[in-house]
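Engineer: just to be clear, the model below is a prediction. Sequence and coordinates:
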2 protein chains.
Amino acid sequence: MAPPRSVKPVLLDDAGPADGVADVLVVGFGCAGACAAYEAATAGADVMVLERASGAGGTSALSGGELYLGAGTALQREVGVEDSPEAMAAFLREALGPAVDEDKLQAYVAGSVEHFDWLVARGVPFSPGLYDDPSWMPPTDDGLMWLGERSWPFTELATPAPRGHRPATGHFGGWLLMDRLAAAAREAGVREEVDTLAERLVVDRDGRVVGVIARQYGEPRTFLARQAVVLTTGGFVDDDGMLAAHAPHLIGKDKISCGGEDGSGIRMAQAVGAAVKHMSAGQVGLHAVPAFMARGLVVNKHGQRFINEDTYPGRIGQAALFRHDLDCWVVLDEKGYEEVPEGERWGVLPHHVADTLEELEQLTGMPPGSLAATVALYNEGAARGEDPMFHKDPRWLRPLEPPYAAIDPHRSFRGPNDPPVGGGAAVFTLGGLATDVDGRVLDLDGQVIPGLLAAGRASSGLAAWGYISGTSLGDGTFFGRRAGRTAASPTERDPALTRAPAPA
Amino acid sequence: MAPPRSVKPVLLDDAGPADGVADVLVVGFGCAGACAAYEAATAGADVMVLERASGAGGTSALSGGELYLGAGTALQREVGVEDSPEAMAAFLREALGPAVDEDKLQAYVAGSVEHFDWLVARGVPFSPGLYDDPSWMPPTDDGLMWLGERSWPFTELATPAPRGHRPATGHFGGWLLMDRLAAAAREAGVREEVDTLAERLVVDRDGRVVGVIARQYGEPRTFLARQAVVLTTGGFVDDDGMLAAHAPHLIGKDKISCGGEDGSGIRMAQAVGAAVKHMSAGQVGLHAVPAFMARGLVVNKHGQRFINEDTYPGRIGQAALFRHDLDCWVVLDEKGYEEVPEGERWGVLPHHVADTLEELEQLTGMPPGSLAATVALYNEGAARGEDPMFHKDPRWLRPLEPPYAAIDPHRSFRGPNDPPVGGGAAVFTLGGLATDVDGRVLDLDGQVIPGLLAAGRASSGLAAWGYISGTSLGDGTFFGRRAGRTAASPTERDPALTRAPAPA
């Protein structure tokens, strides 16, 4: 492991002549950066985006593209889904907690309908249609999908409504979302500096953030901001040192990352006094097929169930990793396996098949009698249409019958073109910089650090400890927009720098 | 919740005249502060301790007094216990991980025998004797106790040896430990300023820490250090804001604290650029009697076992809180209850008694059949002297027989003179400042912050995510001593401040 680059801030007096000046500097061109840049430029600011890769996209472009939106979006209404701000807030508060930022939650729910319309106006296409089965990624272009809203305990909190909004690609849609958002930013006049890796912040003698020292083709470059720097540099799943210090349970898992999620933006901001939150939290995408899980059992290495298998699969993944060390199996019967359409099986075949549960215990290394006891209790309830232990919805309840199968998440996820994977789950970090609802970075006293904003996974956003798909692209785009507007506001302007001449 | 006091550093130029100057300023007079002060003074430094309370003690004085030591201490040899550095290191690496600081672990194990002798030389008394049953606090004055070494999985890693070293008080011994350590520091010439709450660090223009701004009887006071400031200010379990950001699972539990564990030292150091580690980790002292747990089952609200009940009870507590939301029960039979000597029952009576497990399920709200299935499987193995699921030691295995009892940790801990408690567990934080093996505080680049050291629970010490009793007093005293020696070293001296005249 190479020693990390220094993140110590550089005093403006020592920063050398500027290689570029803008009103607003945005660091990172993923979804949060694109939205921040667009809004700042649209508000009249001269905006420059610095991106370490050779173009826009980031991890956002590699994602599924889901945005968690609701409270009655145009798409929900078109499909006939009823939803309310109260129901959406109740779901998110429970799913993303404990310790959710209530101000951000309220702002997000209140702005959700408008935000969807804004995305459509930017050219992001959504097809009317609702995919009704549990899935990581529906094989259709239905614009709406369920993300756990119909599962316990959420069913006791509010009327369920599907809120996963998907760009119409019929598959992973993050690339399309990013294509449209980057184009919108460029059309708004945003300038880009690619292959430009920000390394340190520049501060003036009063502690105001006024720029960035970056590396471009091996050479240091100084970029100054007349108004503000917006960090949208992503999380830290690619930095094993930060993982060891804050989230060691994520080490060794497969990473959901474009390769640049090294936490450098978080550390740069900490070095000027920024506070962080929820650094141990992570999303855990278990390598398992949701349609199989809902029809079967997810058990730990002791043959014990631990969650309702029809809930949002990321909740299953978090429970599997943080509570059961990712030592778990998906157990189902032949009938359940066959029920799942071939296109939804992701090519996954059972790793063990057996006519008795005793044999399956032997094959999987579970203690003798453990899985049999679990299935007996499950079947007893399922025959009555009840799951007293974990409250799986009755639509999925049916006594399991031989022959049985066991699937190992460490070996199971094989997309049509994907190689087998070994980490058991794909993870990314949720913790990051403490920001206010307008994107301003806060210091250890809870005070604003002048000139510094953040959004996306460089910040701690909607998700505190829990996670639901679509809240990263959702809060990255939503709070990215807010940060861009804040950055462009005249109140953010630094008089001294505004007077400084731009370089030739 | 009152807004936190500002922790922003103050420039030396702005700090005003000094109210006190010493070579080494130690902030906090718990076990780490006392040891740091003693060693610095013994090495020839002029040492002043600032303590927020009216005298020495801190949370250390309220604790049980156990120190986790081994590798063949004089006490172990006197009692006939064989131990080795390798066995001690193997146990701690597994018990305190993942992501244990290997340098600290190796230094601690290598210095353990000497450290015990040093404590004895300071007047801390230890009686030869080994208490053989699982216990939070043996009711005897035996100097040695087991802290999980004889339980799985540790039995597979190394030959077990008891390493809990207890001052001879026959009960909580933290007060005696602190009495001796504070006396030793005073005898070494350490000066004390009590009722003095450190609020900010003082830094010079080069970023070196050269003092502390404190509040004394409501008035600000400036204390300067010619060589170094050592922060031994404890953890942050008393600060709900920090808990919400870093360790929300600890909110609402009973706190192990003298009342001053507000994280202020951690935040002061972060404000000058210090890095932190493992901020989400916590010790969880389940309110349950270890002798009952070992003889029975600990089950979650689904009636499922989740750990070998004879292991160190803090491991049971961490699993209960972090993996099962502290919704758990201790289930045992009348025979097991009666086996425990009255003096070891802590006044705890069963909350529910029943002749059948079905009845006990109803009384505790467990799903029908769940506890019965767990006990059936447990009894089947116990009859053979085996626990295939969690590997409890055969000495504790016996099929449970009616009548049965269930004890609720949220209501169970009643010492002879203690009121009933409601939090289910007593907790404290384990995360804190990143330090090197000599106590120097590290910044976000992993570089030493000149003039700043830390030890005790203000720092991240031996324990990363796991915990064993005695590692807090153990690493607080051990690395407190090292920090004191480092602080007194001539290489830590600041030439400019050394030349400054002391105030009259």
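Structural biologist: Received, thanks.
Engineer: residue A:130: what's it in contact with?
Structural biologist: A:79, A:81, A:142-145, A:162 (CB atoms under 8 Å, 6 or more residues apart in numbering or on different chains). No exception for glycine: its C-beta is placed from N, CA and C like everyone else's.
Engineer: could you look up the SS state of it?
Structural biologist: Secondary structure, DSSP: H, G, I helix; E, B strand; the rest coil: residue A:130 is strand.
Engineer: for chain B, see how far away the residue lying closest to it once chain neighbours are set aside is.
Structural biologist: Leaving aside its chain neighbours, residue A:130 sits nearest to residue A:144 (4.5 Å; criterion: CB to CB, 6 or more residues apart in numbering or on different chains). For residue A:144, the distance to chain B equals 32 Å [CB to the nearest CB, to the nearest Å].
Engineer: confirm residue A:144 sits in a helix?
Structural biologist: No - under three-state DSSP, residue A:144 falls outside any helix and is assigned strand.
Engineer: in the sheet, who's paired with it?
Structural biologist: Counting by DSSP bridges, residue A:144 forms beta bridges with residue A:130, residue A:165.
Engineer: what's it in contact with, if anything?
Structural biologist: Going by CB under 8 Å, 6+ apart, the list of residues near residue A:144 reads A:75-76, A:79, A:81, A:129-131, A:162-166.
Engineer: if you set the cut-off to 10 Å instead, what comes out?
Structural biologist: A:66, A:69-70, A:73, A:75-76, A:78-79, A:81, A:126-132, A:138, A:161-166 (CB atoms under 10 Å, 6 or more residues apart in numbering or on different chains).
Engineer: check residue A:11 too.
Structural biologist: Contact analysis of residue A:11 by CB under 10 Å, 6+ apart lists A:202-205, A:210.
Engineer: mind running it again at 7 Å?
Structural biologist: A:203, A:205 (CB atoms under 7 Å, 6 or more residues apart in numbering or on different chains).
Engineer: measure it to residue B:233 for me?
Structural biologist: Remark: distance between residue A:11 and residue B:233 (CB to CB, to the nearest Å) = 30 Å.
Engineer: alpha carbons of stretch A:350-365, as CSV, please.
Structural biologist: This file holds the C-alpha atoms of stretch A:350-365, laid out as CSV (Å, rounded to 0.1, in the frame of the first residue of the first chain):
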residue,chain,number,x,y,z
PRO,A,350,-27.4,-24.1,-7.3
HIS,A,351,-24.1,-25.0,-5.8
HIS,A,352,-25.6,-27.9,-3.8
VAL,A,353,-28.7,-30.0,-4.4
ALA,A,354,-30.1,-32.6,-2.0
ASP,A,355,-33.2,-34.6,-1.3
THR,A,356,-33.0,-34.1,2.4
LEU,A,357,-32.1,-31.1,4.6
GLU,A,358,-29.7,-33.4,6.6
GLU,A,359,-27.8,-33.9,3.4
LEU,A,360,-27.8,-30.2,2.6
GLU,A,361,-26.5,-29.5,6.1
GLN,A,362,-23.6,-31.8,5.4
LEU,A,363,-22.9,-30.3,2.0
THR,A,364,-22.9,-26.7,3.3
GLY,A,365,-21.2,-27.5,6.7
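Engineer: which of the residues in that stretch are classified as buried?
Structural biologist: Residues of stretch A:350-365 classed as buried by neighbour count (16 or more other CB atoms under 10 Å in any protein chain shown): A:350-354, A:357, A:360-361, A:364.
Engineer: okay, now the domains of chain A?
Structural biologist: Domain segmentation of chain A under automatic domain parsing yields A:10-60+A:175-282+A:430-499, A:67-171, A:288-422.
Engineer: pick the most buried one from the ones you listed.
Structural biologist: With neighbours defined as mean count of other CB atoms under 10 Å in any protein chain shown, these peak in mean count at domain A:10-60+A:175-282+A:430-499, which reaches a mean of 24.
Engineer: what mean pLDDT does it get?
Structural biologist: Mean pLDDT, domain A:10-60+A:175-282+A:430-499: 95.
Engineer: contact partners for the closest residue to residue A:82 other than its chain neighbours?
Structural biologist: Nearest in space to residue A:82, with sequence neighbours left out and distances taken as CB to CB, 6+ apart, is residue A:161 at 6.5 Å. The contact partners of residue A:161, by CB under 7 Å, 6+ apart, come to A:70, A:76, A:81-83, A:87, A:149.
Engineer: from these, which is closest to chain B?
Structural biologist: residue A:149 (21.8 Å; CB to the nearest CB).
Engineer: doesn't the closest one belong to a helix?
Structural biologist: No - counting by three-state DSSP, residue A:149 is not part of a helix but coil.
Engineer: and the residue nearest to residue A:130, how far is that from residue A:86?
Structural biologist: For residue A:144 relative to residue A:86 (CB to CB), the value is 20 Å.
Engineer: before we move on, back to that, pLDDT added to the buried residues of stretch A:350-365, as CSV?
Structural biologist: CSV is the format used below for the buried residues of stretch A:350-365 (pLDDT from 0 to 100):
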residue, pLDDT
A:350, 90
A:351, 89
A:352, 93
A:353, 95
A:354, 97
A:357, 98
A:360, 98
A:361, 98
A:364, 95
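Engineer: which of those fall within helices?
Structural biologist: A:357, A:360-361, A:364 (DSSP state H).
Engineer: state the pLDDT value of residue A:137.
Structural biologist: 88.
Engineer: can I assume it is in contact with residue A:173?
Structural biologist: No - if you go by CB atoms under 7 Å, residue A:137 and residue A:173 don't touch, sitting 8.9 Å apart.
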